[in-house]
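>>> Return atomic coordinates for the entry below.
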Amino acid sequence: MLQNDYFKIIIDNLSTAVLLAESVYDKKNVLVDFKITYMNESFLKMTKDLLKEGEVFSDFKTRLSPALAWFETAQEALLKKTILSETIYSYNFSKWFQITINCVCDNTIAVTFSDVSKAKEYEHALTQQNQKLESLASELAENRANLDTQLKSIQSLNTQLLFSAYHDSLTDLYNRSWLNTAIREISREQKCSNEKFGILLFDIDNMKDINDSRGHTAGDELIKQVATILRMFESKNTIPTRFGGDEFILLLKNIKNRNEAMNISKKVLGFMNAEGIGISGGISVYPDDSEKYDDLLKFADMAKLEAKKKGKNNITGFQSLMQEKFLSKLNIETKLSRAMVEKNFQLYYQPQFYTQSEKLRGFEALLRWYDDELGWISPEQFVPLAEETHLVIPLGNWVLDTALRTLSEWEQRFDFDGIMSVNVSPIQFCQDDFIPKFLHKIDFYKITPRHLEIEITEGVLIENVESVIAKLNEVKNLGIGISLDDFGTGYSSLRYLQMLPLTTLKIDKSFIKNIATESNIAEGILTLVSKMGLDTIAEGVEREDQLEILKKFNCNTIQGFLRGKPMQKNLCDRLLGGDLSALITINNS
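Numbering: from 1, shown residues only. Below you'll find the model as predicted:
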């Protein structure tokens, strides 16, 4: 019990809860516990008579807090003459206390209780806040890492998109989009430096045949092979691009002239040919040909088409004459469609005569076209265009109708016993419905089949050969003649003479022109064809010496200006009516 009233007054007035306890020893003088000897007013107020003087630590420790080893801590403070402090939580008081145990004399300790609940709450709040900040910091770091990853992914994607935007997916060469941008930039650069650049535009020969026969996978492999060869030429001034499909463009920067572009292009052609690849290409040069990119492409394409006309596997430079031919072709093509609608075509008929008897064999129906602006337009100009645009199909139907109508009229009016020969385009003949329509026309006009002969060219064999031969046999079985036109030109072969069910062979005028000096070729052809049982017609006979040689070689029939030019129907009518002056009239015109 506290003896000094002065100190008691001081302790009782402290706001801190204080209790005093003295050591308790057993009979062997061993410290076994501590007994409360005094509690100040603050302690009593705090504990509300929970503890009483005289109680020992071992009895009340569970009432305050079992979290603290009361006896052991007090014992340590007493024996070491030191101050020990520990913060505990009391569930009975629902508070945090800071317990301080202090040795005040040899056998007495003072225990103070300080309410640190608010500090603990603050500490807890601070801890939570710190944890939250740490979590936010961790989340921020993670987000930053994710953002970095996303940015890298976006950059990678942008790089891929940029590559895809300007590169061809099959070959990885630059594509048309890149080329469009690059050439306009190069044009500005070259204009400032007065340098030239060239465009080699080429495609792979017979690509359609490769795709059709070997499949598109093989076609793709060929395209990749071409790209690999082009990369051998790649440099800062020579840039290969895939323009689309099987078309490529080699951009040739900083060249001196067209010859330099041609030399590089010929080397490319040589490397391609060394790998068994044929290409056809055209060259245009900036600014010689044009300062406009679209024109350069157009001119290079014109030159490429010219290379194909020369037999493919070639490189041709653009010339202004090509543009004139192109514009002329375009003009004729435009007029061709209008002429079909307005029915501006005419049929002329060129007589054919037996060589020995000089009697009339018949006529070949020839298509003619007169335009008010262009005058007479050669079939060599407009027929290929009609075939390109497939206008040859309706045009060919009109020719057949007109020729058969005329033949029917001649049979009835003049008891005509000759032959009407009509040209049939390969495109027209290869139509699926050609035979049914053809047979319908024959039946409609009620003509004698043996009076009709159709003229074909070897172009019909471009399509399915077996189907073509089957159609020709169907025609021949009706008694209609089949004549092979222009023999000796293009890709003529004696093999075709054996394959096709022909009745007549027309020898091209190119053989007849020089027959006087090159008679061996014509004689050989005529002899061979005669042994095959075919009739022969020599085209383009214009001189008497040609006629005499053809008689000597036993050529069956002649056709040409020597005996008769192409005639309008009214003159043919006169001739069939016995008026031979019709021939004189047309030959003198």
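>>> Wait, residue 411 touches residue 448, no?
Yes. Counting by CB atoms under 8 Å, residue 448 is a contact partner of residue 411 at 6.4 Å. All C-beta atoms are positioned from the backbone trio N, CA, C, and that covers glycine.
>>> Those two: who's more crowded?
residue 411 (18 against 14; other CB atoms under 10 Å).
>>> List the residues that contact the more buried one.
Residue 411 makes contact with 447-448, 451, according to CB atoms under 8 Å, 6 or more residues apart in numbering.
>>> Where does the prediction get shaky in the protein?
Filtered on pLDDT under 70, the chain yields the residue ranges 1-7, 159, 462-463, 488-495, 582, 585-589.
>>> Just say helix, strand or coil for residue 422.
Under DSSP: H, G, I helix; E, B strand; the rest coil, the three-state class of residue 422 is strand.
>>> And residue 24, which helix or strand is it part of?
Assessed by DSSP states H and E, residue 24 sits inside strand 17-25.
>>> buried sites along that strand?
17-24 (16 or more other CB atoms under 10 Å).
>>> Residue 178 is in what secondary structure piece?
Counting by DSSP H and E, residue 178 is part of helix 176-193.
>>> Just give me how far the following helix or strand past that helix sits from the chain centre.
Downstream of helix 176-193, the next assigned helix or strand under DSSP H and E is strand 196-204. Remark: strand 196-204 is offset 19 Å from the chain centroid, using CA atoms, centre = their mean, to the nearest Å.
>>> which other helices and strands contact strand 196-204?
Secondary-structure packing of strand 196-204 (3 or more CB pairs under 8 Å, 6 or more residues apart in numbering; DSSP states H and E): helix 176-193, helix 216-231, strand 247-255, helix 258-274, strand 279-286, helix 293-309.
>>> if you set the cut-off to 7 Å instead, what comes out?
For strand 196-204, the elements it packs on are helix 176-193, strand 247-255, helix 258-274, strand 279-286, helix 293-309, judged by 3 or more CB pairs under 7 Å, 6 or more residues apart in numbering; DSSP states H and E.
>>> what's the angle between it and strand 279-286?
160 degrees (axes from the mean of the first three to the mean of the last three CA atoms, to 10 degrees).
>>> buried set for the helix or strand just after strand 196-204?
Counting by DSSP H and E, the next helix or strand C-terminal to strand 196-204 is helix 207-214. Under the neighbour-count criterion of 16+ other CB under 10 Å, helix 207-214 has 207, 210-211 buried.
>>> For residue 358, what are phi and psi?
Dihedral pair for residue 358: phi 60, psi 20, per degrees, to the nearest 10.
>>> My error: substitute residue 79 in the last question.
phi -70, psi -30.
>>> distance of it from residue 156?
As defined by CB to CB, to the nearest Å, residue 79 lies at a distance of 72 Å from residue 156.
>>> next one: residue 135
According to CB to CB, residue 135 and residue 156 sit 31 Å apart.
>>> Likewise for residue 184?
Taken as CB to CB, the span from residue 184 to residue 156 is 29 Å.
>>> repeat for residue 168
In terms of CB to CB, residue 168 sits 20 Å off from residue 156.
>>> neighbour-wise, which of those two wins?
Just comparing residue 168 and residue 156: by other CB under 10 Å the higher neighbour count belongs to residue 168, 20 against 10.
>>> can you tell me which helix in the chain is longest?
The helix that spans the most residues within the chain, counting by DSSP state H, is helix 117-166.
>>> For that helix, name the packing helices and strands.
strand 95-105, helix 176-193.
>>> can you put those in TSV and add distance to residue 329?
Shown next, in TSV, are the helices and strands packed on helix 117-166 (distance: least, CB to CB, whole Å):
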stretch	distance to residue 329
strand 95-105	103
helix 176-193	25
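>>> which of the ones you listed sits most buried?
When you average the neighbours per residue for each of the helices and strands packed on helix 117-166 (mean count of other CB atoms under 10 Å), strand 95-105 leads with a mean of 18.
>>> Please enumerate residues in contact with the helix or strand just after it?
Of the helices and strands lying after strand 95-105 in sequence (DSSP H and E), the nearest is strand 108-115. Strand 108-115 is contacted by residues 16-22, 34, 43, 46, 74, 77-78, 95, 97-104 when judged by CB atoms under 7 Å, 6 or more residues apart in numbering.
>>> what about residue 374, neighbour count?
Residue 374: 13 neighbours (other CB under 10 Å).
>>> Also residue 395?
The burial count for residue 395: 23, using other CB under 10 Å.
>>> what about the strands in the stretch 301-450 of the chain?
314-317, 345-354, 360-371, 375-377, 419-423 (DSSP state E, counting those that start in this stretch).
>>> What strand or helix carries the spatially closest residue to residue 174 that is not a sequence neighbour?
Excluding its sequence neighbours, the residue lying closest to residue 174 (CB to CB, 6 or more residues apart in numbering) is residue 241, at 4.2 Å. Taking DSSP H and E as the criterion, residue 241 maps to strand 238-244.
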